[in-house]
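Okay, structure incoming, though there's no sequence with it:
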């Protein structure tokens, strides 16, 4: 059977458990055993080194309570967990499959033990045919063992089925939350862009287009960068080449529409390619509000 956790997946699941609540190492081991319905339990030599590595990477921290280390997830750990939401959903499904495989192995072991028990009992019965009382008692014990094994297997199968259903529901919820976050970001960008477009259209100021291109290009450069920095020099460098392929025409309102369309498309593509969290959405909302105030001030300034 393949490993219960593929490479790097136990690390991700430890972050999920610590995101639920602060826990000490023994509690993490016990929770993993419960999630697998007692069919799998990692050793301390598996869990504690990974917790130490997560702490060294700044994803978790610990406090000492009653002589034991209690681990808690950090903001950096939550950010990684949010960025890997889809991978976490897949991991839940993999755990379901692992539970099913472990249950199947146990079922095969029970069947094999039952078969061996039958063979032994038949051999014992053949060797002592004259003692019918002993034979009857042996068969009774064999049947009782088989009944217990069958009952245990049914209970484990039921637990595996419940775990599979719960994993599917959690995966669906994770996907739904990720989609809702992306939809909220898309609506916010469209709303701010629409407000800017209305303000420019009403003012009819051609001179504001150059200032708009510089500022909105800088903002787009910051958001589209892989480090998501707010450094002014980097933003200005990005702005210098932003939308340079959109040549100005004789119609300032039409030029503004084209710039707003380009800005909305760039930000939407960045959100799709780099992922979006609640913290990033709040930062984007603040940047858009600032840009809207500054550009509106430019448009309304005396010519």
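Nice, I can see it. What you see is a predicted model; the values in this text were computed from it and never measured.

How about the contacts made by the residue nearest to residue 277 when sequence neighbours are not counted?
Nearest non-adjacent residue to residue 277, counting by C-beta to C-beta, 6 or more residues apart in numbering: residue 82, 4.5 Å away. For glycine as for every other residue, the C-beta is placed from the backbone atoms N, C-alpha and C. Applying C-beta atoms under 8 Å, 6 or more residues apart in numbering to residue 82 gives the contacts 275, 277-278.

What does residue 82 show for phi and psi?
Torsion angles at residue 82 (phi, psi; degrees, to the nearest 10) stand at phi -70, psi -40.

How about the secondary structure of residue 64?
Following DSSP: H, G, I helix; E, B strand; the rest coil, the label given to residue 64 is strand.

cool, and residue 70?
strand.

For it, name its beta-bridge partners.
For residue 70, the beta-bridge partners under DSSP bridges are residue 24, residue 63.

ok, so what distance separates the residue nearest to residue 277 from residue 58?
For residue 82, the distance to residue 58 equals 16 Å [C-beta to C-beta, to the nearest Å].

same deal with residue 283?
Separation of residue 283 from residue 58 (C-beta to C-beta): 20 Å.

Looking at those two, which one has more neighbours?
A direct count of neighbours by other C-beta atoms under 10 Å for residue 283 and residue 58 places residue 283 higher, at 14 against 11.

neighbours of residue 252, just the number please.
Residues lying near residue 252 (other C-beta under 10 Å) number 18.

tell me the pLDDT at it?
Reported pLDDT at residue 252 in the predicted model: 81.

The residue nearest to residue 277 and residue 73, how far apart?
11 Å.

Let's verify residue 58: helix, strand, or coil?
Residue 58 - assigned by three-state DSSP - is coil.

phi, psi of the closest residue to it other than its chain neighbours?
Closest residue to residue 58 apart from its sequence neighbours, by C-beta to C-beta, 6+ apart: residue 76 at 5.2 Å. Backbone torsions for residue 76, taken as degrees, to the nearest 10, come to phi -60, psi -40.

Surely residue 76 and residue 59 touch.
Yes: with contact defined as C-beta atoms under 8 Å, residue 76 reaches residue 59; the gap is 5.5 Å.

So between those two, which is more surrounded?
Using other C-beta under 10 Å, the more surrounded residue of residue 76 and residue 59 is residue 59, with 22 against 13.

ok, now which ones touch the more buried one?
Counting by C-beta under 8 Å, 6+ apart, residue 59 touches 15, 73-74, 76-77, 80.

which SSE is the residue lying closest to residue 190 once chain neighbours are set aside in?
Distances taken as C-beta to C-beta, 6+ apart put residue 264 closest to residue 190, at 6.3 Å, once the chain neighbours are dropped. Of the helices and strands defined by DSSP states H and E, residue 264 is found in helix 252-274.

Could you list every helix and strand in contact with that helix?
Applying 3 or more C-beta pairs under 8 Å, 6 or more residues apart in numbering; DSSP states H and E, one finds that helix 252-274 contacts helix 132-203, helix 208-224.

ok, of those helices, where does mean pLDDT dip lowest?
helix 208-224 (a mean of 56).
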